[in-house]
Structures are given as structure tokens and as C-alpha cells.
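Participant: need a structure here:
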Amino acid sequence: MGVDTIHHRYHKNLVKLLKRERLARGLSQSEVASRLQKHHQSWLSGVERGYRRVDFVEFILIAEAIGLDPIEVLLEIYGK
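Facilitator: From the prediction side, this is the model:
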């Protein structure tokens, strides 16, 4: 039986952190989505509401689009 990763505390903490940091930087979902090029605002909304799971590459791309160091994000998430 596999792990339900979308409901795991690490995923929830990751999503909370990404949203918090996006808002702290004054970025809209649309702005971040346009920086990601392949994704629409509704995709990011689904991520932030916990309806979509973020894979590793998407995590790195979102973090960079927000202006975060992915390594620092991982360290913060893992420490919670």
C-alpha cells in the first residue's frame, strides 16, 4: 500500500510555505503561473488548495518562480 502523499504533512507544509511566500512577495497566482509558462493560474490554485500534488520538478520550478531557494525550502519543510 502506497503513501497518500497529497495529504502527508510534508506536502501540506510545502504548499502552505509556497503560498505564504508568494503572498509575502506580493505575487498573484497568475504572475507565478506565467513565470512557469506551462501552467495556468487555476493549476496553481489547485496546488494551493490541496487538490493537486506537486512533484519534485514542479516544486523546484514554483520555488524559483516565487524567488525562493529550493534547498532552503526543503530544509524548512523537513524541520517542521
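Participant: quick one: residue 58 from residue 26, how far?
Facilitator: Counting by CB to CB, to the nearest Å, the gap from residue 58 to residue 26 is 22 Å. (Each C-beta comes from the backbone N, C-alpha and C, glycine too.)
Participant: The two: which is more packed in?
Facilitator: residue 58 (16 against 7; other CB atoms under 10 Å).
Participant: Tell me who's in contact with the more buried one.
Facilitator: Applying CB atoms under 8 Å, 6 or more residues apart in numbering to residue 58 gives the contacts residue 47.
Participant: so which strand or helix has it?
Facilitator: Secondary structure from DSSP states H and E places residue 58 in helix 56-66.
Participant: Alpha carbons only: can I get that helix in PDB?
Facilitator: Written as PDB, here are the backbone C-alpha positions of helix 56-66 (Å, rounded to 0.1, in the frame of the first residue of the first chain):
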ATOM      1  CA  PHE A  56       9.700  17.300  -7.300                       C
ATOM      2  CA  VAL A  57      10.400  19.200 -10.500                       C
ATOM      3  CA  GLU A  58       7.300  21.300 -10.200                       C
ATOM      4  CA  PHE A  59       8.300  22.200  -6.600                       C
ATOM      5  CA  ILE A  60      11.700  23.500  -7.800                       C
ATOM      6  CA  LEU A  61      10.100  25.500 -10.600                       C
ATOM      7  CA  ILE A  62       7.500  27.000  -8.300                       C
ATOM      8  CA  ALA A  63      10.000  27.900  -5.700                       C
ATOM      9  CA  GLU A  64      12.300  29.600  -8.300                       C
ATOM     10  CA  ALA A  65       9.300  31.400  -9.800                       C
ATOM     11  CA  ILE A  66       8.500  32.800  -6.400                       C
END
